[in-house]
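A.B. asks: Pasting a predicted model and its sequence here:
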Amino acid sequence: MEIWIPITIAAAFLQNLRSMLQKRATGTLSVNGATYIRFYYAIPFVWIYLLVLGVQQDVPPVTAEFLLHCLLGGFGQIAATALLIASFSHDNFAVGTTFSKSEVALTALVGFVILGDTLAGSQWLGIAVSFFGVALMSLRGALASLFRGNRALLLGILAGAGFAIAAVNYRAAALSLAHGDFLMRAGLTLAVSVTLQTIAMGAYLLAREPGEFTRVCHNWRSALWVGLLGAAASAAWFSAMTLVNAGLVRALGQVELLFTFLTAMWFFKEAISQRQIAGAVLVVVGIWLLL
């Protein structure tokens, strides 16, 4: 088994745990505040991780191209995370996450445009099958959302586009570095990106929601876990995307949906239909075709 596969599955599992904690945070924080804790409280963990890597090998020099890709990826992820959390308030946890999975096909397309990354025919088939599974799981909820004037569908798709832009730019940033193994390239990209995100969004909160920044600090006990899980998940995502096509990584990452449904049923007591279960099976078949 290629190493990027277990790394990606671990990333999906950790991301689901982080999303669960962020959903709970919306009870005491605004959407922007719940988004910010994912970056603010990840700072110490990502830099400690980079320092540990730096003991083993030299840190590659930072270039203008690297910083540009980090900025584009960082702002894409901020927007996507905020949109995803906002979608939770318009529908249930599983449906909100499902809508965002439009990112898989979008990542493959953006990766081809920016980096020239390509996928084999069977891998495109896997993406198509899993996308059909996602559509099957969310179709009724999407139509109901539209008829109700619910914005979960639109917010989820926009979140998917933001995650696609972020994934490809993070891969581009890591590949632009002059030297280092995949862990070092991914670790440096992660540390710089999270730092830029924390500064930019922190300035926004202070200017537009000053009281929210105070609430973010007061919620440190639960938010610290969001930061730790977010840092670990991102380190895994970045490492996998440094090794292979970002579209392939995000496609396999749809295994998160299985974790999401279990979380929705066990923790949030949300009902899951037979149609959604059938869609999950198709997602699994699509992942099998990818590999």
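C.D. replies: That came through fine.
A.B. asks: isn't Tyr170 right up against Gly187?
C.D. replies: No. Between Tyr170 and Gly187 no contact is recorded; they are 11.8 Å apart, counting by Cβ atoms under 8 Å. Just so you know, the C-beta spots here come from the backbone N, C-alpha and C atoms, and that holds for glycine as well.
A.B. asks: So for these two, which residues contact both of them?
C.D. replies: Phe238 (Cβ atoms under 8 Å, 6 or more residues apart in numbering).
A.B. asks: which element follows the worst-scoring helix or strand of the chain on mean pLDDT toward the C-terminus?
C.D. replies: The least trusted helix or strand in the chain, going by mean pLDDT, DSSP states H and E, turns out to be helix 93-99, with a mean of 60. Taking DSSP states H and E as the definition, the helix or strand that follows helix 93-99 towards the C-terminus is helix 103-115.
A.B. asks: Show me the helices in the chain, by range?
C.D. replies: Along the chain, the stretches classed as helices by DSSP state H are 4-25, 31-40, 43-56, 64-88, 93-99, 103-115, 121-148, 152-176, 182-208, 210-218, 220-243, 246-252, 256-266, 274-290.
A.B. asks: highest average neighbour count across these?
C.D. replies: Comparing the helices of the chain by mean neighbour count (mean count of other Cβ atoms under 10 Å), helix 246-252 ranks first with a mean of 28.
A.B. asks: Can you pull out the residues in contact with it?
C.D. replies: Under the criterion Cβ under 8 Å, 6+ apart, external residues in contact with helix 246-252 comprise 4-5, 8-9, 12, 103-104, 107-109, 111-112, 117, 119, 123, 126-127, 130, 163-164, 167-168, 170-171, 237, 240-241, 286-287, 290-291.
A.B. asks: gap between it and the chain center?
C.D. replies: Chain-centre distance of helix 246-252: 11 Å, with Cα atoms, centre = their mean, to the nearest Å.
A.B. asks: Stretch 115-123 now?
C.D. replies: Relative to its parent chain, stretch 115-123 has a centroid offset of 21 Å by Cα atoms, centre = their mean.
A.B. asks: Mean pLDDT lowest where, among the helices of the chain?
C.D. replies: Confidence, taken as mean pLDDT, is least for helix 93-99 of these (a mean of 60).
A.B. asks: For the residue nearest to the spatial centre of the chain, give its distance to Val104.
C.D. replies: Nearest to the centroid of the C-alpha atoms of the chain, with distances taken as Cα atoms, centre = their mean, sits Phe163, at 6.1 Å. The spacing between Phe163 and Val104, counted by Cβ to Cβ, to the nearest Å, is 9 Å.
A.B. asks: same thing with Ala246?
C.D. replies: Taken as Cβ to Cβ, the span from Ala246 to Val104 is 10 Å.
A.B. asks: do the same with Leu290
C.D. replies: Distance of Leu290 to Val104, computed by Cβ to Cβ: 10 Å.
A.B. asks: Next: Ala231.
C.D. replies: Applying Cβ to Cβ, the value for Ala231 to Val104 is 23 Å.
A.B. asks: Leu177 now?
C.D. replies: In terms of Cβ to Cβ, Leu177 sits 26 Å off from Val104.
A.B. asks: Ok, Gly73 next?
C.D. replies: With distances taken as Cβ to Cβ, Gly73 is found 17 Å from Val104.
A.B. asks: Equivalent analysis for Leu188, please.
C.D. replies: Per Cβ to Cβ, Leu188 is found 26 Å from Val104.
A.B. asks: can you pull the contacts of Val285?
C.D. replies: Shown here is Val285, whose contacts under the criterion Cβ under 8 Å, 6+ apart are Val129, Ser130, Gly133.
A.B. asks: Pretty sure the second one sits against Leu282.
C.D. replies: Yes. Under the criterion of Cβ under 8 Å, Ser130 is in contact with Leu282, at a separation of 6.6 Å.
A.B. asks: and Ile3, how far is that from Thr242?
C.D. replies: Counting by Cβ to Cβ, the gap from Ile3 to Thr242 is 11 Å.
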